[in-house]
Structure formats: C-alpha cells, structure tokens
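Trainee: sequence below, structure please.
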Amino acid sequence: MILSIDESEITMQTTSQPSIGAPAAVIAPAKVNWPHVAWFLGLAFGLSWLADLVLYWNGGLTSPMTGLLLQFQMLLPAFSAMLLGPFSSRKAPSITGPTAQLRAGLSIFTCCSPFSI
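Mentor: All right, here's what the predicted structure looks like:
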C-alpha cells in the first residue's frame, strides 16, 4: 500500500508514541566574544609578521629557509588558537583546568609540527 506524504505523516503522528519529557528548549545563537577574537587576530597576525620580518632580514624569498619558514608560518594561527583557547573558553572541556589543556595542546602541536615539513 502506497500512501501520499500527507497520509504517511498522519499515520506517523497517530501511531508514534508520545514523547516523554519536556518540550525542547529554544537554542539561542551564541554571542561573539569580540575581545577574544581581537586577542586571537593580534597574536596570529603578530607572530606571522614576526616570521615575515625574520624572512626579510635573511634575504627575502631568495633565502634557502623560505620554504621552511613559510610552512611554519601556516601553523601560527593554530598555535595561537591553542594558546588562547583554554584561557578564553568559559566551559572548559576537561576538569583539569586551562594549564593542563594548554600543556596538552602545545605538546600535540610540537609533536605534529615536524610532519608538516
């Protein structure tokens, strides 16, 4: 027996069990924390510009370390997020606190960085 969409919806509504519990709460969109965004952008761009300054002082794009430094520069936003994340998050994902989270994030970053080179 093939039912139309309306008939199948009516059948589902009449045969499904009623939900147990309270109705779902309305989820409000999270507000952007602009000071934390400014800290992230400042740190990410500041470190990136420092890497560019080192590259400029060592011969620019003709330097033999150009490829290595540019790959390192692409990791700087991730490093900035890991550095600032535990301190800017109101709900920490673990009980251990921001210092342990920072230590764990930096150790993962340090272990994974050589694989990008």
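Trainee: tell me the mean pLDDT for the helix or strand that contains Gln71?
Mentor: Gln71 is part of helix 66-88 when elements are defined by DSSP states H and E. The predicted model assigns helix 66-88 a mean pLDDT of 85.
Trainee: in this structure, what helix or strand scores lowest on average pLDDT?
Mentor: Every helix and strand of the chain was ranked by mean pLDDT, DSSP states H and E. The lowest is helix 5-15, at a mean of 57.
Trainee: quick one: mean pLDDT over the helix or strand following it.
Mentor: Sequence-wise, the next helix or strand downstream of helix 5-15 (DSSP H and E) is helix 34-57. Mean pLDDT, computed over helix 34-57, is 92.
Trainee: ok, residues contacting helix 34-57?
Mentor: 61, 63, 65-66, 69-70, 72-73, 76-77, 79-81, 83-84, 88 (CB atoms under 8 Å, 6 or more residues apart in numbering). Bear in mind the C-beta positions are built from the backbone N, C-alpha and C, glycine included.
Trainee: those, buried ones only, as a PyMOL selection?
Mentor: Listed next is the PyMOL selection for buried residues among the contacts of helix 34-57, using 16 or more other CB atoms under 10 Å:
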select buried, resi 72+73+76+77+79+80+83+84
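Trainee: closest to Asn33 among the contacts of helix 34-57?
Mentor: Ser88 (7.0 Å; CB to CB).
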